[in-house]
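> here is a sequence with its predicted model. Questions after.
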Amino acid sequence: MRRVVRKCLLQQRLFSVEPRTSTKIQQESKHRTQSNSIKEAERVVGYSTSFLNLRWLLNDEIANTAMYMKKLTGTEHPLLKVAKDVLFKSTTPSWGLIVLLISKASGLKKEFSAIDQDITAGILHSQRVLAEVTEMVRTSYLIHNGVITVNNNMLNADVLNYGNKIALLSGDYLLSKSFNDLSNLRNQTVNEIISSAIRDFSESLFLSYGDYDFPVAHKPKFLKDKTEYCKEFTSDKVDYGPYKVDEILGYPKEEWVLRNVLASGNLLGKSCRAALLVAGHDEQAQQSAYLFGKHLSLAWQANIDLQGFKEGKVDFVSAPVMLTLEEEPELYEVFQRAVYDNNIDSIIHLVEKGNGLEKTKCLQDEYTQRALDNLEYFERNTATESLKHLIDVI
């Protein structure tokens, strides 16, 4: 493993930080490529992801919600940015689309009546419901993340508290709707799988050391104290959780993986697993689907962290910072102080000085390859090819 990382670092020797603002031509070209790939994937599953959009998920409530959110204009409440990103500028395809594609790729392992399936797409109606539930749960998590700590002495404190109420109620509405849709499937095992994913991302919110608004990594521990469980945590061994959190926190790379598996990886992975379960697939196929979704999520998160760093969006638990800490644990107090002082420039300087960016690119490549390896379990068809193309362009 060390030789693989060393080789990757050597290959990335010439990797340098690009300007933090891309040209409009590059952005438009990338957006067109992503958009075309997503449209092609939608044609494969016969389902437009506009049906997984927040506008549709909230149905008639969206008009009322939008009216209330107008009051937040000019307050810089993070809920506004969350809503904008969810509605117009997602950096990854709909996760519901990924669930539908893996469902299409795997096929059906037993006979189902015409009522239970979409014959033209080769996907069960229950798998479409799971795709919608996945998107609702993920969106609720993003909206709930828009809640901030408000000091009564802050300017516009009343309006900011009002924004927190909207975030809580909107997120809760989506969660309740997702549970209602899950219950209509009448499959207790699927309920347990998705519920465990919700448990995981709830747990992820309590991992930070310090202020909730400024997530802080745990102080690095000595590598010699790393347990076998911690070493195996980042392997391809299937572990649906709960995890031994105390044995992982403090080891920067493993902690980054833990945070993002809990926050997002398990939702996508377990949703892919549940989609194969309802189609009658065996445990091995379900495990391959779970690992595919989990690794794909981690690869995308590494890319998001890397691109965000180039744009000056830095936090203490992003991959470039965590992987810099793994190499130089003595920087922990410096980073911690910089986060609380909001001194982003000093963090950027220290990370650029080390190998954090190169290691993040290697981490992205590592989990991208793992996702592709797990995808090889399924027969080659239009859905698997569409997934590979999405991975490539994103």
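Alright, I've got the coordinates. Numbering: from 1, shown residues only.
> show me what contacts residue 183?
Listed by C-beta atoms under 8 Å, 6 or more residues apart in numbering, the contact set of residue 183 reads residue 191. Every residue, glycine included, has its C-beta placed from N, CA and C.
> how about residue 370?
By C-beta under 8 Å, 6+ apart, the contact list for residue 370 reads 236, 291, 295, 299.
> quick check, the first one in contact with residue 294.
It stands for residue 236. No: judged on C-beta atoms under 8 Å, residue 236 makes no contact with residue 294 at a distance of 9.9 Å.
> so which of the two has more stuff around it?
Between residue 236 and residue 294, counting by other C-beta atoms under 10 Å, residue 294 is the more crowded of the two (30 against 12).
> mind checking how far that one is from residue 200?
11 Å (C-beta to C-beta, to the nearest Å).
> joint contacts of those two?
Residues touching both residue 294 and residue 200 (C-beta under 8 Å, 6+ apart): 261, 266.
> contacts for stretch 256-270, please.
Contact with stretch 256-270 is made by 95, 98-99, 134, 137-138, 141, 193-194, 196-198, 200-201, 203-204, 207, 233-234, 240-241, 243, 245, 248-249, 289-298, 301, 317, 319, 322-323, as judged by C-beta under 8 Å, 6+ apart.
> actually stretch 380-394, sorry about that
Contact with stretch 380-394 is made by 30, 33-34, 37-38, 40-41, 44-45, 91-93, 98, 101-102, 104-105, 296, 299-300, 303, 368, 371-372, 375, 378, as judged by C-beta under 8 Å, 6+ apart.
> list buried residues within those residues.
Burial by neighbour count, 16 or more other C-beta atoms under 10 Å: within those this picks out 34, 37-38, 41, 44-45, 92-93, 98, 101-102, 104-105, 296, 299-300, 303, 368, 371-372, 375, 378.
> test my guess that residue 182 contacts residue 189.
No: using C-beta under 8 Å, residue 182 is not in contact with residue 189; the gap is 11.2 Å.
> who has more neighbours, those two?
In terms of neighbours (other C-beta under 10 Å), residue 182 is the more surrounded of residue 182 and residue 189; the figures are 21 against 10.
> quick one: mean pLDDT for the helix or strand containing the more buried one?
Residue 182 belongs to helix 157-185 when assigned by DSSP states H and E. Averaging pLDDT along helix 157-185 yields 87.
> flag every buried residue along that helix.
Of the residues in helix 157-185, 159-160, 162-164, 166-167, 170-171, 173-175, 177-179, 182, 185 count as buried by neighbour count, 16+ other C-beta under 10 Å.
> likewise for stretch 228-247?
The neighbour-count check on stretch 228-247 (16+ other C-beta under 10 Å) flags 230, 233, 234, 240, 241, 243, 247 as buried.
> wait, which of these is closest to residue 361?
Nearest to residue 361 among these, counting by C-beta to C-beta, is residue 234 at 17.0 Å.
> so which residues make contact with stretch 292-307?
Contacts of stretch 292-307 from elsewhere in the structure, counted by C-beta under 8 Å, 6+ apart, are 91-92, 98-99, 102, 257, 260-261, 264-273, 318-320, 357, 360-361, 363-364, 367-368, 370-371, 374-375, 391, 394.
> which of the residues you listed fall in helices?
Members of the contacts of stretch 292-307 lying in helices (criterion: DSSP state H): 98-99, 102, 257, 260, 266-273, 319-320, 357, 360-361, 363-364, 367-368, 370-371, 374-375, 391.
> how about residues contacting stretch 313-329?
Here stretch 313-329 makes contact (C-beta under 8 Å, 6+ apart) with 208, 214-217, 220, 251-253, 255-256, 259, 301-302, 305-306, 308-309, 331-332, 335-336, 339, 344, 347-348, 350-351, 354-357, 359-360, 363.
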